[in-house]
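Trainee: sequence plus predicted model, see below.
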Amino acid sequence: VPHMEMGYPLVANRPVVLHVDTTFKDAKGQPLEEGFSRRWQVGPPLITRVDPALWQLTRPATGSTSGLLISFDRPLDRALADRCLHVRDAEGRPIPGEAHLTAAERMWTFKPAHPWPAGAVLAIETRLEDVCGNSVLRPFDHDLTSEADAPAGDAVEITLDAVGRG
């Protein structure tokens, strides 16, 4: 309601500066050792849910140790990407390996510790958000009366088998 009455607080093409001083507390409740500032340039509004169907995947060959590469259509929230993207085998067990979010939070890589098994999937928790607060579940600023903004399902999985044995 406030944005409908007063407008969005962020305006495209206007800079925003966040100042954090030493009176802020860290995760352990201690004051920060030093303050900092960060400046952003506001872009156009992004008010659609995160849609994994729009991601570009470079799928690895089954039996290879090639990395999985995903290019997102928008920057994702780093902390949530670390917790909400999972690579699993056909039985749902985690596949060990190293994951990295890079390229301004628009690319995710996963390098398996062992060759890729058949039936591997990328499991995406629907709480995964972009940097604007839109999730796989729903847009951040959703219309409770709109069917298009109704929550998506509980989980999204993408099968990674795309090419033959490596």
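Mentor: Looks like it came in fine.

Trainee: contacts for the longest helix seen in the chain, please.
Mentor: In the chain, taking DSSP state H as the definition, the longest helix is helix 78-84. Contacts to helix 78-84, defined as Cβ atoms under 8 Å, 6 or more residues apart in numbering, come from residues 99, 101, 105, 108, 124-125, 127-129. Every residue, glycine included, has its C-beta placed from N, CA and C.

Trainee: any of these buried? List them.
Mentor: 101, 105, 108, 124-125, 128-129 (16 or more other Cβ atoms under 10 Å).

Trainee: the chain: strands as residue ranges?
Mentor: 15-20, 36-41, 56-58, 68-71, 85-88, 97-102, 107-112, 121-125, 155-159 (DSSP state E).

Trainee: residue 143 is nearest to which of the ones you listed?
Mentor: strand 155-159 (21.9 Å; Cβ to Cβ).

Trainee: between that closest one and strand 121-125, how many degrees?
Mentor: For strand 155-159 against strand 121-125, the angle by axes from the mean of the first three to the mean of the last three Cα atoms, to 10 degrees is 160 degrees.
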